[in-house]
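J.: any chance you could fold what I've pasted below:
(one chain, ligands or ions: 2)
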Amino acid sequence: MATYTMKFGGTSVGTPESIAAVADIVKSTLDEGHRVVVVVSAMGGVTDMLLRSMDAARRGDKWEYQSLNDKIRHKHEEVANLLLEPTPRREKLLTSITRLLDEHLQLCQAVNILGEYTPRITDSVVSFGERMSSRLVAAVLQERSVDARQMDATQLIVTDDNFQNASPLWGRTREEIARHLIPTLSNGQTPVLTGFIGATVNGTVTTLGRGGSDYSAAIFAAHSHSDELVIWTDVNGVMTTDPRIDRRAKVLPSVSYAEVGELAFYGAKVLHPKTVQPIVEMGMPVRVRNTFNPDFPGTLITARSEAAATVIKAVTVVRSVSLLTVGGRG
Ligand code: ASP
Ligand code: MG
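T.: Ligands and ions are numbered 1, 2, ... in the order given. Have a look, this model is predicted:
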């Protein structure tokens with residue numbers, strides 16, 4: 001029996017079909033006798049919509065933030081209506097989503113009145129994306145007889161108050177994960193956790209920066225003593241370059257922690273740059289896999305660096321860069 005921490009990104013939880021695929025992946029891993037810690041991003045596009053709602057509220061554009069709130073509601077309700085039978089489970093889920101969206105509207109109204117918002121309010125607002133998607137995915141898993149338990153990472157990842165780019169306080173985070181997450185796993189339950197978010201010691205919601213769900217998953221993997229971290233995404237793995245720029249791009253079967261860190265830092269969008277930090281010392285393997293092509297092995301990331309026949313392994317692109325040359329007599 002192995003424990004896998006599996007993170008599913010925005011496109012993997014973006015539509016009813018993709019959420020059904022996620023449920024199949026989790027269910028079949030459990031059926032093989034393994035344990036799974038599920039970590040989810042917000043449904044694709046929702047984080048951006050929540051951010052736009054803040055701007056609309058600041059400008060006093062009530063119509064715009066209302067309609068974004070409606071769009072987000074429909075996205076979630078569509079999944080619930082397609083993947084869940086009309087039972088109390090679905091009712092309970094829809095009620096919890098409505099409650100979160102009502103809270104979102106209230107925050108928009110507050111920003112509308114004040115005419116400004118702070119990083120702290122932004123974090124509370126964007127956190128709704130993951131809080132809703134995790135409830136949705138947990139309900140879909142329960143519908144398929146998985147003993148899934150939704151948990152907000154606000155009770156697990158304790159951070160400083162550097163809103164929008166908070167750093168975990170490792171001691172406290174380890175304690176909270178040991179207190180709340182490990183017992184859930186030991187009880188045979190499947191935790192479904194929010195990526196991206198945490199909370200300060202006082203319980204104020206924070207986020208780990210855009211794309212931070214990968215980092216959240218690595219933190220959970222490290223402290224739940226997982227055997228492997230699997231990042232489920234919408235491409236076949238870490239590639240030699242961006243396939244939208246060069247169609248000859250190929251999947252790299254394996255890369256080292258150092259290499260993937262460098263690729264992320266220099267612009268490859270495959271993993272949040274901090275992802276490997278929590279697990280490097282443990283040597284925990286990371287696999288990047290495609291939710292829409294689950295039979296493909298993906299890319300394995302470990303401490304080992306294998307020489308490539310071509311010398312250069314991968315090329316990244318950083319756009320909109322200016323180069324300043326500063327000269328002087330010296
Ligand atoms: N939902 C967040 C974002 O869009 C975090 C993530 O998906 O990793 O940045
Ligand atoms: Mg991402």
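
J.: and the helices in the protein?
T.: Ranges of helices in the chain, per DSSP state H, are 16-31, 46-59, 62-83, 88-114, 119-143, 170-176, 182-186, 213-223, 257-265, 277-280.

J.: among these, which comes closest to Val192?
T.: helix 119-143 (4.0 Å; C-beta to C-beta). Bear in mind the C-beta positions are built from the backbone N, C-alpha and C, glycine included.

J.: could you find the closest non-adjacent residue to the closest residue to ligand 2 within the stretch 151-300 of the chain?
T.: Closest contact between the stretch 151-300 of the chain and ligand 2, by C-beta to the ion, is at Gly211 (4.1 Å). Spatially, and ignoring its direct neighbours in sequence, Gly211 is nearest to His272 (4.5 Å; C-beta to C-beta, 6 or more residues apart in numbering).

J.: now swap in Glu78 and tell me
T.: Counting by C-beta to C-beta, 6+ apart, the residue nearest Glu78 is Pro16, at 6.3 Å.

J.: please see if stretch 50-68 touches ligand 1.
T.: No - for a cut-off given as C-beta under 6 Å from any ligand atom, stretch 50-68 has no contacts with ligand 1; the smallest distance is 9.0 Å.

J.: tell me the span between the first and last residue of that stretch.
T.: In stretch 50-68, first residue to last residue: 8 Å (C-alpha to C-alpha, to the nearest Å).

J.: how far off centre is it?
T.: 24 Å (C-alpha atoms, centre = their mean, to the nearest Å).

J.: for it, buried residues please.
T.: Buried residues in stretch 50-68, counted by 16 or more other C-beta atoms under 10 Å: 50-51, 53-54, 56-58, 61, 64-65, 68.

J.: likewise for stretch 13-33?
T.: Under 16+ other C-beta under 10 Å, the buried positions of stretch 13-33 are 13-16, 18-19, 21-23, 25-27, 29-30.

J.: what do you get for stretch 142-159?
T.: In stretch 142-159, counting by 16+ other C-beta under 10 Å, buried: 142-143, 146, 148-159.

J.: and stretch 81-95, by the same measure?
T.: Here stretch 81-95 shows 83-84, 90, 93-94 as buried, counting by 16+ other C-beta under 10 Å.

J.: how about the residues of the protein near ligand 1?
T.: So far as C-beta under 6 Å from any ligand atom goes, the chain lies against ligand 1 at 9-10, 41-42, 47, 129, 195-196, 210-213.

J.: turn the residues you listed into CSV, including neighbour count.
T.: Listed next are these as CSV, based on neighbours: other C-beta atoms under 10 Å:
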residue, neighbour count
Gly9, 23
Gly10, 24
Ser41, 29
Ala42, 30
Thr47, 23
Gly129, 31
Gly195, 31
Phe196, 30
Arg210, 14
Gly211, 21
Gly212, 25
Ser213, 30
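
J.: closest one to Ser167 out of those residues, please.
T.: For the residues of the chain next to ligand 1, the nearest to Ser167 is Gly212 (10.9 Å; C-beta to C-beta).

J.: residues touching the closest one, list them.
T.: 195-196, 272 (C-beta atoms under 8 Å, 6 or more residues apart in numbering).

J.: include distance to Lys75 and pLDDT when you put those residues into TSV, please.
T.: Below are the contacts of Gly212 laid out as TSV (distance: C-beta to C-beta, whole Å; pLDDT from 0 to 100):
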residue	distance to Lys75	pLDDT
Gly195	17	98
Phe196	17	98
His272	23	91
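
J.: and the pLDDT at the most centrally placed residue in the chain?
T.: Closest to where the C-alpha atoms of the chain average out (C-alpha atoms, centre = their mean) is Ser213, at 2.8 Å. Turning to Ser213, the model gives it a pLDDT of 98.
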